[in-house]
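Asker: pasting the sequence and the predicted coordinates here, then a few questions.
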Amino acid sequence: MDTSRDDVGISIRSAFLRKGTQQRFSLFVLTVLSVLLIFLESLETKPLNIIRAFIKDTIFRGSLVASFPSKSFSNMYGFFEKHINLYEEYNQLIVENNELKNNISKSDFLELENSQLRKLIDEQISSPTNLLSARVMLDKQSPYLNSFVINIGSNKDIKNGMTVLSGKHFIGRIVDVNYFSSRVLLVSDLNSKIPIISEPSGSHAILSGHGKSEATLEYLPENHNVQNGDKIYTSGKEGIFNPGIPIGEAKVENDTVTVSLFSNLNQITFVNIDLGKKEQKN
Amino acid sequence: MAFHLKDFKTKFFALLPLLLLFYISLNGSSIINIKFFSVNIHYILVYYWVLRHPSSLGYGFIFLSGIISDVVLGFPLGINALSLLFVAGVAAYVRVVTVRITLINDWISFVPALLFANIVYFISLYLSDYSVDYFYLLKNSAFTLIFYPILWGIFSLIINFSKS
């Protein structure tokens, strides 16, 4: 006896009516969908980017609302902690202030000398930059990715790779741009590799992030003379970042050079994004 | 009035795992880091509820929560969703093959779930060109396993409370 198409259809439908089969099927479909999404992430096409940007912007807004209670709690905790540590901080500031006063005259002289020397070699050092301020929207530090989300995106001409500063200090770069938001990959992240130059030793190296622990200098020349307290700047060698943006201070411990950043990455509320050189109007 | 209160309580406790799941994803707190400790509560939540009370967490919600986690934490879309679905899949399998569910049974069967999820996680991140701190991953898995009984106890209390 031949099996008709209707019989096959009925048997398939009855099989799917069973709850267990339905669940197994949905698990299978969702697993396939997840794999598909992972592969689609590597594709860069305009429609896909628009969909991705829309999904991410929507989720970031939702996350902003959901994280409001925990953010308020942590702000309150920070507020009380600050008050408790007020006296200790005050003493520390007095010491720091004295040190800075001593250094001012020294740095003025160095700055003057530096500008004179640069004029002498006819180098254009002050490129007119175009900074744009943004607010940190979400700061959810993943254990594998040290990054945060800011509240501007392609609506303000933000592009991947742009330099992100906290004040005047380098803290990271843009890695993901949506319409209303962008993600900043911090220098402390495992995936962050920044070409730097140390001053005054003048050694070139790569600043490599390590997640939670401090970033270190890699690929230093064998006979380098980087000392404790040397300043670390972007070298601009890869052509993405401007040269001479301050990053941090070197600390030499057992042949490893760690960099203590000038900015506290956990305390950043506003950032500046370097949009590149301003167009000169004639 | 008493009936309404009981009705509300039943509905609230039925929705609690789902609310927790989405709160964890949206808040980006799937991994709790306290100094040296690091626990993935997302895995524990999904594993426990799929094993003990599967009607509370559907696979679709688990998938959605994984996608939200990916976006909030900055991973390529689908990585967390896939790992969570593997955890849910192992939990569903364990539910079918075990007759009596005890803490020890749950705990032991959580080991392959964690292993599968971490393998998937690692491979996906590797394919997406993301650097992974292997020691951190190992530490996180170990503490997640150690921490499981505590959350097991809390979730069991919630189930008992909702039944009472």
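Answerer: Yes, it's here.
Asker: what helix or strand is the spatially closest residue to residue B:71 that is not a sequence neighbour located in?
Answerer: For residue B:71, the nearest residue in space outside its immediate sequence neighbours is residue A:59; the separation is 4.3 Å by C-beta to C-beta, 6 or more residues apart in numbering or on different chains. Where you see a C-beta, it was placed from the backbone N, CA and C, and this is true even at glycine. Taking DSSP states H and E as the definition, one finds residue A:59 inside helix A:46-66.
Asker: go on, residue A:185?
Answerer: Mapping residue A:185 onto the secondary structure by DSSP H and E places it in strand A:182-186.
Asker: quick one: work out the angle between that strand and helix A:46-66.
Answerer: Interaxial angle of strand A:182-186 relative to helix A:46-66 (axes from the mean of the first three to the mean of the last three C-alpha atoms, to 10 degrees): 80 degrees.
Asker: so what touches strand A:182-186?
Answerer: Identification of contacts with strand A:182-186 by C-beta atoms under 8 Å, 6 or more residues apart in numbering or on different chains yields A:134, A:145-150, A:152-153, A:158, A:164, A:171-177, A:191-192, A:209, A:265, A:271, B:74.
Asker: so where's the chain uncertain?
Answerer: Here I'm looking at chain A. Scanning chain A for pLDDT under 70 picks out the ranges A:1-5, A:8-20, A:105, A:119-129, A:141-144, A:212-213, A:277-282.
Asker: wrong chain, I was asking about chain B
Answerer: B:1-3.
Asker: what's the neighbour count on residue A:217?
Answerer: Applying other C-beta atoms under 10 Å in any protein chain shown, we find 23 other residues in the vicinity of residue A:217.
Asker: am I right that it is in a helix?
Answerer: No: judged by DSSP: H, G, I helix; E, B strand; the rest coil, residue A:217 forms no part of a helix; its state is strand.
Asker: so what's it bridging to?
Answerer: residue A:207 (DSSP bridges).
Asker: packing partners of the helix holding residue A:59?
Answerer: Contacts defined by 3 or more C-beta pairs under 8 Å, 6 or more residues apart in numbering or on different chains; DSSP states H and E place helix A:46-66 against strand A:129-138, helix B:2-27, helix B:59-73.
Asker: deepest in the core, which of these is it.
Answerer: Comparing the helices and strands packed on helix A:46-66 by mean neighbour count (mean count of other C-beta atoms under 10 Å in any protein chain shown), helix B:59-73 ranks first with a mean of 24.
Asker: biggest helix in chain A, by residue count?
Answerer: Once chain A is assigned using DSSP state H, the helix that runs over the most residues is helix A:86-120.
Asker: now do the strands in chain B.
Answerer: With DSSP state E as the criterion, chain B has strands at B:31-34, B:37-40.
Asker: what strands line up against the first one, and which way round?
Answerer: Looking at strand B:31-34 with DSSP bridges, its paired strands and their directions are strand B:37-40 (antiparallel).
Asker: in the strand it pairs with, what's buried?
Answerer: Applying a neighbour-count criterion of 16 or more other C-beta atoms under 10 Å in any protein chain shown, one finds B:38, B:39, B:40 buried in strand B:37-40.
Asker: same check on stretch A:30-48?
Answerer: Neighbour-count burial for stretch A:30-48, counted by 16+ other C-beta under 10 Å, picks out A:30, A:31, A:33, A:34, A:35, A:37, A:38, A:41.
Asker: residues of the strand holding residue A:185 that come out buried?
Answerer: A:182, A:183, A:184, A:185, A:186.
Asker: could you identify the helix or strand that succeeds it?
Answerer: Along the chain past strand A:182-186, the next helix or strand (assigned with DSSP H and E) turns out to be strand A:193-199.
Asker: by contact count, what packs against that next one?
Answerer: Using 3+ C-beta pairs under 8 Å, 6+ apart, the elements in contact with strand A:193-199 are strand A:204-210, strand A:231-234, strand A:246-253.
Asker: residue B:159: which of the buried residues of stretch A:30-48 is nearest?
Answerer: Taking C-beta to C-beta as the measure, residue B:159 lies nearest residue A:30 of these, at 25.3 Å.
Asker: the longest helix anywhere in chain B packs against which elements?
Answerer: As assigned by DSSP H, the longest helix anywhere in chain B is helix B:134-163. The contact analysis (3+ C-beta pairs under 8 Å, 6+ apart) places helix B:134-163 against helix B:2-27, strand B:37-40, helix B:41-52, helix B:103-127.
Asker: repeat that for 6 Å
Answerer: Contacts of helix B:134-163 with other secondary structure elements, assessed using 3 or more C-beta pairs under 6 Å, 6 or more residues apart in numbering or on different chains; DSSP states H and E, are made with strand B:37-40, helix B:41-52, helix B:103-127.
Asker: want to throw those into TSV with distance to residue A:88?
Answerer: Formatted as TSV, these follow (distance: least, C-beta to C-beta, whole Å):
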stretch	distance to residue A:88
strand B:37-40	27
helix B:41-52	34
helix B:103-127	41
